[in-house]
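Participant: Provided below are the primary sequence and the corresponding predicted coordinates.
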Amino acid sequence: MEVRILEKEGNYLRFLISGISTPIANALRRIMIAEVPSMAIEDVIVIENSSPMNDEILALRLGLIPLKTDLDSYFIPEECTCQSELGCNQCSVTLTLEANANEENRTVYSRELKSTNPDITPVSDKIPILKLAYGQSVRLECYARLGKGKVHTKWQPVSACAYKYASVIQINTEKCDFCRRCIKACPKNILNKDKKKITIFEIEKCDLCNECVIACPIDAIQVEKVKDTFIFMIESTGALTTDRIIYEANKILINKTNDFQEQLLNIKSGEI
């Protein structure tokens, strides 16, 4: 197996992984979307709300605000010994919001959410929550907990997660007459003419569209997918780093595999 980083910037990561099958690649993608936990607001106690926004809509908007997540310090509620409805300091974080429009109409932003843990705060402080007209106010308490995307999308740590097959491009130099049609047809601009040959650069950008093959009148170019090599694209919501998302997904996949093997052994030994 080989893993190679192709592009990494902020919450965006693109990497190549070879030596795995399609089911394993898809399992990693699904786990990153649905099973890697992150923190989100689950319960909201509205103390005062004189804005035109209903309490239920306000609670929904608060739940969709991505929160920075510390997986090492908190338990998933189902695994916490407290079994409390609102959680404890080991599985829950309290955030409060108190905003007034005493002078003029104003917008309430995510930066006004005050957390009991400075490490668990909104990913961005510029997310608008609601608007208050003059004289209106809102006061509430929020309880954030770890959860998984398969329960609700607000717990998804990724805003985008996809993969594609890596590709290989072969050019028959004996047939090719350097008409440049394939170069003009390629939407990714990965083909170029260098003296008397067609060169390929940044082949990772190829998405197997076959436009170059269609454009070639003499079938001098072929594009094929590499069946055991994939290019992943991950964009984090900011709750977790892309590195941590991949690490947690891999750990979950290993645990599932070990559990499956254990169940098979139990069946074989007659314990089940």
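Facilitator: Nice, I can see it. Just so we're clear, the structure is a prediction, and the values are computed from it rather than from any experiment. Numbers count the residues shown, from 1 in each chain.
Participant: So which residue is smack in the middle of the protein?
Facilitator: Nearest to the geometric centre of the chain sits residue 158, at 1.5 Å (Cα atoms, centre = their mean).
Participant: which residues touch that one?
Facilitator: Residue 158 makes contact with 32, 33, 36, 234, 235, 236, 237, 245 under the criterion Cβ atoms under 8 Å, 6 or more residues apart in numbering. The way it works is simple: take the backbone N, C-alpha and C, and place the C-beta from them, glycine included.
Participant: Quick check: buried residues in stretch 125-143?
Facilitator: Using 16 or more other Cβ atoms under 10 Å as the test for burial, stretch 125-143 gives 127, 129, 130, 132, 136, 138, 140, 142, 143.
Participant: same deal with stretch 19-39?
Facilitator: 20, 24-25, 27-29, 31-39.
Participant: Likewise for stretch 86-98?
Facilitator: Buried residues in stretch 86-98, counting neighbours by 16+ other Cβ under 10 Å, are found at 87, 91, 92, 93, 94, 95, 97.
Participant: measure that stretch end to end?
Facilitator: Taking Cα to Cα, to the nearest Å, stretch 86-98 runs 20 Å from one end to the other.
Participant: Tell me how many other residues crowd the residue nearest to residue 224 when sequence neighbours are not counted.
Facilitator: Spatial nearest neighbour of residue 224, excluding adjacent residues (Cβ to Cβ, 6 or more residues apart in numbering): residue 168 at 5.5 Å. Using other Cβ atoms under 10 Å, residue 168 is surrounded by 14 other residues.
Participant: doesn't residue 243 fall inside a strand?
Facilitator: No: counting by DSSP: H, G, I helix; E, B strand; the rest coil, residue 243 is located in no strand; its state is helix.
Participant: State the pLDDT value of it.
Facilitator: The score at residue 243 is 95. That number is its pLDDT.
Participant: With residue 271 instead?
Facilitator: You'll see residue 271 listed with a pLDDT of 65.
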